[in-house]
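Engineer: Fold the following.
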Amino acid sequence: MTDALDSPPKQPSKRDTSTTAHQLTLPCVLSFNASDPTGAGGLAADIGAMGSASVHMLPVVTAVLIRDTTAVQDHVSLDADAINDQARMVLEDIPVTSIKVGFLGSPENISAVAQIANDYADTPVVAYMPSLTWMDDIALDAYLDAFTELMLPQTAVLVGNYSTLCRWLLPDWASEKPPTPRDVARAAQLHGVSYTLVTGLNAPEQFLENHLASPETVLATARFERFDTTFTGAGETLSAALTALLGAGEDLQSACAEALTYLDQSLDAGFAPGMGHALPDRLFWGRGEDDGIDDTEDTDAPDTPTLDVGHHTLGDFPLDDTKH
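Structural biologist: I've put the predicted structure just below:
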């Protein structure tokens with residue numbers, strides 16, 4: 001009879017973890033943004049969009065929005081010291097490849113975040129300016145002035161809706177012709193911004209255009225059919241995806257193209273969870289064909305959006321065929 005049962009059991013071999021953690025590490029992206037209870041924007045939007053780009057998002061809470069799916073009613077800002085402590089504890093522990101700046105809540109918080117960005121000047125910052133028309137005029141002016149003076153000099157890419165950026169950066173525009181994306185980019189560059197992604201420009205035949213511009217040129221233009229539905233959270237989704245893709249090592253033009261297509265697909269799969277606006281479905285890629293909204297009534301073949309990057313192409317980047 002064998003004596004195997006009488007011998008001591010073999011101890012499991014110890015796993016070599018010396019390189020495992022490094023092999024499994026994802027790019028880590030820091031986001032300064034508000035908490036949005038509807039999930040339309042803020043950190044909830046950032047988590048969904050950045051996770052879809054296969055990066056690990058590090059959320060720093062700056063404020064709490066009081067809102068429903070129709071509108072923001074108010075907000076509560078966190079203390080600037082709390083924001084500073086959140087971010088610096090993480091930054092001293094985890095290497096960060098890019099930073100997104102969303103709604104910061106107050107001029108004091110803008111100052112704190114701008115100082116952090118300055119201390120990590122080699123890390124690219126994508127700043128998103130949402131529509132803040134829900135704020136009273138005095139608070140809004142103070143917020144925008146602080147953002148212009150303190151945050152824009154730290155910003156590599158500014159993202160915002162055309163109307164929002166024009167009202168903010170070109171308030172005294174006197175020409176009969178409306179500002180172009182390059183005009184907006186020039187105004188942003190005066191405060192230190194290298195590139196501006198201007199979204200939501202009206203185009204003929206029910207199209208919307210988005211332009212990645214510098215003061216010298218328009219680097220890329222993406223055109224999509226307009227949705228009939230009103231969405232909340234589109235700009236948050238786009239800026240989060242762009243930040244994540246830059247953090248993952250994509251070049252700016254490719255990251256912009258991929259982020260715009262991701263947004264278009266998220267909106268095409270969008271849903272209305274409440275009585276207000278629709279929200280992007282940022283996890284559309286993980287749902288089966290039978291999941292989500294029934295769109296069987298749309299039987300027309302969708303048009304393919306066009307992306308013009310001058311004389312350059314974006315390789316085999318998969319443009320989607322969703323319909324606005």
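
Engineer: Any figure for the gap between the closest residue to Trp168 other than its chain neighbours and Ile138?
Structural biologist: Leaving aside its sequence neighbours, Trp168 sits nearest to Leu144 (Cβ to Cβ, 6 or more residues apart in numbering; 5.7 Å). (Glycine included, C-beta is placed from N, CA and C.) Distance of Leu144 to Ile138, given as Cβ to Cβ, to the nearest Å: 11 Å.

Engineer: More neighbours: those two, which one.
Structural biologist: When Leu144 and Ile138 are compared on other Cβ atoms under 10 Å, the one with more neighbours turns out to be Leu144, at 19 against 8.

Engineer: Name the secondary structure element that contains the more buried one.
Structural biologist: For Leu144, the host element (DSSP states H and E) is helix 137-146.

Engineer: Kindly report the same for Leu263.
Structural biologist: helix 252-268.

Engineer: and that helix, how far from the chain's centre?
Structural biologist: 10 Å (Cα atoms, centre = their mean, to the nearest Å).

Engineer: What is it packed up against?
Structural biologist: helix 42-52, strand 207-213, strand 218-225, helix 234-247 (3 or more Cβ pairs under 8 Å, 6 or more residues apart in numbering; DSSP states H and E).

Engineer: Val198 is nearest to which of those?
Structural biologist: strand 207-213 (4.9 Å; Cβ to Cβ).

Engineer: what pairs with that closest one, and is each one parallel or antiparallel?
Structural biologist: Neighbouring strands of strand 207-213 in its sheet, by DSSP bridges, are strand 195-203 (antiparallel), strand 218-225 (antiparallel).

Engineer: Any figure for the gap between Gln253 and Val101?
Structural biologist: 21 Å.

Engineer: who's more crowded, these two?
Structural biologist: Val101 (29 against 19).

Engineer: Pull the contacting residues for that one.
Structural biologist: Phe32, Asn33, Val113, Ala117, Val125, Val126, Ala127, Tyr128, Met151, Thr155 (Cβ atoms under 8 Å, 6 or more residues apart in numbering).

Engineer: Nearest to Arg223 among these?
Structural biologist: Nearest member of those to Arg223, counting by Cβ to Cβ, is Tyr128, at 21.2 Å.

Engineer: what's the pLDDT at the closest one?
Structural biologist: Looking at Tyr128, its pLDDT stands at 98.

Engineer: Quick check: beta-bridge partners of it?
Structural biologist: Val159.

Engineer: Quick check, it in contact with Gly102.
Structural biologist: Yes. Shown here, Tyr128 and Gly102 form a contact pair, counting by Cβ atoms under 8 Å, at 5.3 Å.

Engineer: Can you check which residues contact both of the two?
Structural biologist: Joint contacts of Tyr128 and Gly102 (Cβ under 8 Å, 6+ apart) are Glu236, Ser239.

Engineer: re the thing from before, only the C-alpha atoms, please, for the helix holding Leu263, written as PDB.
Structural biologist: These are the backbone C-alpha positions of helix 252-268, laid out as PDB (Å, rounded to 0.1, in the frame of the first residue of the first chain):
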ATOM      1  CA  LEU A 252      -5.100  64.000 -29.900                       C
ATOM      2  CA  GLN A 253      -6.700  63.600 -33.300                       C
ATOM      3  CA  SER A 254      -7.300  59.900 -32.900                       C
ATOM      4  CA  ALA A 255      -8.600  60.300 -29.300                       C
ATOM      5  CA  CYS A 256     -10.900  63.100 -30.500                       C
ATOM      6  CA  ALA A 257     -12.300  61.000 -33.300                       C
ATOM      7  CA  GLU A 258     -12.800  57.900 -31.100                       C
ATOM      8  CA  ALA A 259     -14.400  60.000 -28.300                       C
ATOM      9  CA  LEU A 260     -16.900  61.600 -30.700                       C
ATOM     10  CA  THR A 261     -17.900  58.300 -32.200                       C
ATOM     11  CA  TYR A 262     -18.300  56.800 -28.700                       C
ATOM     12  CA  LEU A 263     -20.600  59.700 -27.800                       C
ATOM     13  CA  ASP A 264     -22.600  59.200 -31.000                       C
ATOM     14  CA  GLN A 265     -23.100  55.600 -30.200                       C
ATOM     15  CA  SER A 266     -24.000  56.400 -26.600                       C
ATOM     16  CA  LEU A 267     -26.600  58.800 -27.700                       C
ATOM     17  CA  ASP A 268     -28.000  56.500 -30.300                       C
END
